[in-house]
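**Student:** I'd like to go over a predicted model; first the sequence, then the structure.
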Amino acid sequence: MTGRIVLGANQYGKAECRVVKVTRASTGSTDGGRHAIEDLNVTTQLRGDFEACHTAGDNSRVVATDTQKNTVYAFAREHGVGTPEDLLLRLTDHFVDGFEWVTGSELSAELFAWERIAVDGQGHDHSFVRSGRETRTTVVTRAGDETTVVSGLRDCTVLKSTGSEFHGFPRDRYTTLQETTDRIMATSVTATWRYTGTDHDYDALYAGIRDLLLSTFATVHSLALQQTVFEMGKAVLERYDEVAEVSLSCPNKHHFLVDLEPFGLDNPGEVFFAADRPYGLIQATVLREATP
Ligand SMILES: O=c1[nH]c(=O)c2[nH]c(=O)[nH]c2[nH]1
């Protein structure tokens, strides 16, 4: 084999900068005021001309990953956090517009939600419990002049104890699954949606899209998880012009009825074994026909 060996696609940055921002009603370490907290996991990845570093160890164009991490923390102080999308858009401008050899980036964030601990029926001023809800995600990509925001959620575990059937599938010599007109359907939704443009009220859109995904899961009478997944994506596209495309990845968390006959007991759809693996994995992208 001959031919010069060259550097292909590359990107680099600081992964998983955990940023916890306390916003105090007044300054001081034990001010007794009402606080708010924001908790993010931010990853930076810069793209551009880093050839000399890879091939000759010339770091003159390497914005150190330590500097990238510091920038994330400094921005949280200087400009506040706000929505993860807006924070990443500001950081994208800083890195791509600020260093001429940085031509693009992929910045991502996960948002962890905290709720106030209830004390005597009131949300406490400065004590919080991590809410067991899903994790909100976002990825902001700059390539040339194009900025793309893809937001979503993961680990959103849902279950419906009826309203789900599965039958009519082909049977061959390896098929043992019984047809069912009433089963438990459970999944852990991972969804991402691509926004058109970048100027949005991201918190409001996140809340609306999340609620719509959940209410669609609840209300669609399902003949297959594939159908539920499609209906969830379709509902988002029908309601939100701001969204161009929705991708969903949903494990089918199987619940098997336990045979209690050996113990002289019947089991009319009451006691299930929740299997963790293997699981069906249903994945689909839903988009408008005209979308490029
Ligand atoms: O909703 C389902 N879709 C499938 O493709 C499938 N396959 C299976 O064994 N159970 C199910 N359930």
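**Tutor:** Perfect, I can see it now.

**Student:** the ligand contacts on the stretch 151-292 of the chain?
**Tutor:** Phe166, Leu177, Ala224, Leu225, Gln226, Asn252, Gly280 (CB under 6 Å from any ligand atom). No exception for glycine: its C-beta is placed from N, CA and C like everyone else's.

**Student:** just the buried members of these?
**Tutor:** Neighbour counting over those (16 or more other CB atoms under 10 Å) leaves Phe166, Ala224, Leu225, Asn252 as the buried ones.

**Student:** show me what Thr147 is bridged to.
**Tutor:** Here Thr147 sits in beta bridges with Arg142, as judged by DSSP bridges.

**Student:** in terms of pLDDT, where does it sit?
**Tutor:** Looking at Thr147, its pLDDT stands at 98.

**Student:** before we move on, what about Glu289?
**Tutor:** The confidence metric pLDDT takes the value 95 at Glu289.

**Student:** same thing with Ala275?
**Tutor:** The predicted structure scores Ala275 at 94 on the pLDDT scale.

**Student:** could you find which two of the residues of the stretch 151-292 of the chain next to the ligand are furthest from each other?
**Tutor:** Using CB to CB, those span at most 15.2 Å, a distance reached by Leu177 and Gln226.

**Student:** for the one residue in the chain that gets nearest to the ligand, give me its contacts.
**Tutor:** Sorted by distance to the ligand under CB to the nearest ligand atom, the residues of the chain start with Leu225, at 3.5 Å. For Leu225, the set of contacting residues under the criterion of CB atoms under 8 Å, 6 or more residues apart in numbering consists of Met185, Thr187, Cys250, Asn252, Gly280, Ile282.

**Student:** let's see that with 6 Å instead.
**Tutor:** Residues touching Leu225, when contacts are defined by CB atoms under 6 Å, 6 or more residues apart in numbering, comprise Asn252, Ile282.

**Student:** what's it sitting at in phi/psi?
**Tutor:** Note on Leu225: its backbone torsions stand at phi -60, psi -30 [degrees, to the nearest 10].

**Student:** break this protein down into its domains, please.
**Tutor:** 8-143, 145-292 (automatic domain parsing).

**Student:** low pLDDT regions in the chain?
**Tutor:** Low-confidence regions of the chain, defined here as pLDDT under 70, cover residues 26-32, 292.

**Student:** please repeat the previous calculation with a cut-off of 50.
**Tutor:** Applying pLDDT under 50 to the chain flags no residue at all.

**Student:** what ranges do the helices span in it?
**Tutor:** Listed in chain order, the helices of the chain (DSSP state H) span residues 51-56, 65-78, 84-98, 202-219, 225-239.

**Student:** packing partners for the longest one?
**Tutor:** Right, the one you point to is helix 202-219. If contacts are counted by 3 or more CB pairs under 6 Å, 6 or more residues apart in numbering; DSSP states H and E, helix 202-219 sits against helix 225-239.

**Student:** how distant is the helix it packs on from the center of its chain?
**Tutor:** 17 Å (CA atoms, centre = their mean, to the nearest Å).

**Student:** now do the contacts for Leu111.
**Tutor:** Counting by CB under 6 Å, 6+ apart, Leu111 touches Leu40, Pro84, Arg136.

**Student:** so which of those is the closest to Val149?
**Tutor:** Val149 has its nearest neighbour among the contacts of Leu111 in Pro84, at 9.9 Å by CB to CB.

**Student:** which residue is the nearest non-sequential neighbour of the closest one?
**Tutor:** Closest residue in space to Pro84, ignoring its immediate chain neighbours: Ala109 at 4.1 Å, by CB to CB, 6 or more residues apart in numbering.

**Student:** report the beta-bridge partners for that neighbour.
**Tutor:** Beta-bridge partners recorded for Ala109 (DSSP bridges): Val42, Thr138.

**Student:** does it touch Leu40 like I think?
**Tutor:** Yes - between Ala109 and Leu40 there is a contact under CB atoms under 6 Å: 5.2 Å.

**Student:** out of those two, which sits in the more crowded spot?
**Tutor:** Higher neighbour count among Ala109 and Leu40: Ala109, with 25 against 21, using other CB atoms under 10 Å.

**Student:** how much space between the more buried one and Val81?
**Tutor:** In this structure, Ala109 lies at 10 Å from Val81, with CB to CB, to the nearest Å as the measure.
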